[in-house]
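Novice: What shape does this take:
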Amino acid sequence: MTNKDIYLASLRLIAESTDESDNEDYAERAYYILAAFCSTVHDINNSLRRAKGLVALEASEKVCLEENGAFPCESRLASAAAHYLGAMLTIDAFPDLSDKLYDKYCDLISRIADALPAAVEKISDVYYFD
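Specialist: You can find the predicted model right below:
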């Protein structure tokens, strides 16, 4: 799945044309917003990777993702990314739609996080008693 696939899915959610010439203003902002999404869900993404037996990724410093680049998060986060992107693209022009999409994004992330398996971790000594 590419970043453009997420962007096109987001355009469908907000009932906009997927023709490239129709939404140049959205396309200009979309890949910056997707980069912000990836930073926001970094911990959940790594938890999903660990659950699959994959190595955790380091936090990305990218400010903008490539249009035709591979979506850097696990595929389970694609729907949440499309909703988040739709919410951010419409926040000024259609605040009610933006709020609904953001609520759905929050719900999707919550469900994904709740479905993660428990992980055993070492107890950290935060009191530093000698």
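
Novice: Please count neighbours and contacts with C-alpha atoms only from this point.
Specialist: Noted.

Novice: Am I right that I14 is in contact with G86?
Specialist: Yes: when contacts are counted by Cα atoms under 8 Å, I14 is listed as touching G86 (6.2 Å).

Novice: quick one, which of the two is more surrounded?
Specialist: The residue with more neighbours, out of I14 and G86, is G86; 31 against 19, by other Cα atoms under 10 Å.

Novice: Is the more buried one inside a helix or a strand, and which specific one?
Specialist: helix 78-89 (DSSP states H and E).

Novice: buried residues in that helix?
Specialist: Applying a neighbour-count criterion of 16 or more other Cα atoms under 10 Å, the buried positions in helix 78-89 are 78-89.

Novice: before we move on, what about stretch 90-100?
Specialist: Burial within stretch 90-100, assessed by neighbour count using 16+ other Cα under 10 Å, is assigned to 90-91, 97-99.

Novice: can you point me to the longest helix in the chain?
Specialist: helix 95-115 (DSSP state H).

Novice: Run through who's touching it.
Specialist: 14, 44, 76-77, 79-81, 83-84, 86-91 (Cα atoms under 8 Å, 6 or more residues apart in numbering).

Novice: ok, so of those residues, who is nearest A118?
Specialist: Ranked by distance to A118 (Cα to Cα), these are led by I44 at 12.5 Å.

Novice: Pull the contacting residues for that closest one.
Specialist: Per Cα under 8 Å, 6+ apart, neighbours of I44: A113.

Novice: by how many degrees do the helix or strand that contains it and helix 95-115 diverge?
Specialist: Using DSSP H and E, I44 falls within helix 42-51. Taking axes from the mean of the first three to the mean of the last three Cα atoms, to 10 degrees, one finds helix 42-51 and helix 95-115 inclined to each other by 40 degrees.

Novice: Just the CA coordinates for helix 42-51, please, in CSV.
Specialist: Presented in CSV, the C-alpha positions along helix 42-51 are these (Å, rounded to 0.1, in the frame of the first residue of the first chain):
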residue,chain,number,x,y,z
HIS,A,42,4.7,5.2,16.3
ASP,A,43,4.3,3.3,19.6
ILE,A,44,1.2,1.5,18.4
ASN,A,45,2.9,0.7,15.1
ASN,A,46,5.9,-0.8,16.9
SER,A,47,3.5,-2.8,19.2
LEU,A,48,1.8,-4.3,16.1
ARG,A,49,5.2,-5.1,14.6
ARG,A,50,6.4,-6.8,17.9
ALA,A,51,3.1,-8.8,17.9
